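In: Build me a structure from this.
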Amino acid sequence: MDGLEQKTLHALQQSHNKNNEIRMLIPQYNVSYLTNKLNETSRSLIDRFKLDQINFFPCSCPKSDERILLISGTRRDYIKDCIQEIYFNIEKYNENEDIKQDINLYNPTNLTNDDINEIILSNMDYGGFIRNRNKAVNENQSKIEATEDEKSNDDWWNFRNTRDSSSEIIQREMIVSNKHAGAIIGVNASHIDRIKQKTGAYVYIDDQVNGLKRTAIMKGTREQVDRAYLFIENLIERNINDKNYRRNKDMHI
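Out: Now for the predicted structure:
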């Protein structure tokens, strides 16, 4: 058993959910082979290993030569057996085809803020999870609450009622400058509407101005709020970079 297979099985063993799920990184040169195999045998695999689903996400992982294969089911031991069979067939195929290729491995730490923003904007369906890489800094700059704001308006009430009642709803706040608040809102509220659409979170800027500061408020499930927070961070960073670029350009005229 190679290192990648051991890590995959170890991750599966750590799962304690009733509905178990594993996502495997597969080199692109094996994807066609496995896709053809799955077209022939997916129903057989689902029946044999009691799976809910087994399929590739449509997009390759960003900046890599790998795709994610999703396997889910109720029996961890059966999923483990399925993974071992998949790896066995991949190894045999690679031996027979004498495949020895260098590939770009998927590494989320290689993604820039622009990359992340593009993934969010394009709804790139590759099976990965965008996480805030500046979590420690952000926690010092924000406040997270798991309670409902008493000042919730009708829009928030309608939003909350469309969520799954089993999902925990949280509120997160970010203190921003008045200028950055304008960048977040955008012309005719275009930016803030896009954030709501792309993340599923309810986002608004508090009307109350404290000095030159305002509060951006995000409500939704933890995943939705995290995505909205990251989206806002990227908008602010892009706004700062654009201003610096224009300032430097003016200095050289």
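
In: and residue 182, what does it touch?
Out: Applying Cβ atoms under 8 Å, 6 or more residues apart in numbering to residue 182 gives no contacts. All C-beta spots, glycine's among them, are computed from the backbone N, C-alpha and C.

In: now it: how far from residue 191?
Out: Distance of residue 182 to residue 191, computed by Cβ to Cβ, to the nearest Å: 9 Å.

In: Do a quick rundown of the strands in the stretch 1-150 of the chain.
Out: Ranges of strands in the stretch 1-150 of the chain, per DSSP state E, counting those that start in this stretch, are 20-27, 51-56, 66-73, 142-145.

In: Looking at these, which is nearest to residue 217?
Out: Residue 217 sits nearest to strand 142-145 of all the strands of the stretch 1-150 of the chain, at 10.1 Å, using Cβ to Cβ.

In: what mean pLDDT would you report for the closest one?
Out: Averaging pLDDT along strand 142-145 gives 37.

In: Equivalent analysis for stretch 34-45, please.
Out: Mean pLDDT, stretch 34-45: 82.

In: Now do the same for residue 2: its pLDDT.
Out: The per-residue pLDDT of residue 2 was computed as 53.

In: swap in residue 25?
Out: If you check residue 25, the pLDDT there is 91.

In: Not counting sequence-adjacent ones, nearest residue to it?
Out: residue 66 (4.5 Å; Cβ to Cβ, 6 or more residues apart in numbering).

In: Could you report the neighbour count for the one you found?
Out: 20 (other Cβ atoms under 10 Å).

In: That one reaches residue 29, doesn't it?
Out: No. The pair residue 66 / residue 29 is not scored as a contact, 10.1 Å apart, by Cβ atoms under 8 Å.

In: Identify the contacts common to the two.
Out: What both residue 66 and residue 29 touch, as defined by Cβ under 8 Å, 6+ apart, is the set residue 103.

In: Distance of residue 69 relative to residue 234?
Out: Taking Cβ to Cβ, one finds residue 69 at 29 Å from residue 234.

In: Which pLDDT value belongs to the residue nearest to residue 25?
Out: We have a pLDDT of 91 for residue 66.

In: What of residue 59?
Out: 89.

In: Quickly note the distance from it to residue 176.
Out: Remark: distance between residue 59 and residue 176 (Cβ to Cβ) = 32 Å.

In: Over to residue 104?
Out: Distance, residue 104 to residue 176, using Cβ to Cβ: 36 Å.

In: More neighbours: those two, which one.
Out: Of the pair residue 104 and residue 176, residue 176 is the one with more neighbours under other Cβ under 10 Å, namely 21 against 14.

In: For that one, pull up the helix or strand it's in.
Out: According to DSSP states H and E, residue 176 maps onto strand 170-177.

In: With distance to residue 93 added, can I get the strands of the stretch 1-150 of the chain in JSON lines?
Out: Formatted as JSON lines, these follow (distance: least, Cβ to Cβ, whole Å):
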{"stretch": "strand 20-27", "distance to residue 93": "11"}
{"stretch": "strand 51-56", "distance to residue 93": "16"}
{"stretch": "strand 66-73", "distance to residue 93": "15"}
{"stretch": "strand 142-145", "distance to residue 93": "47"}
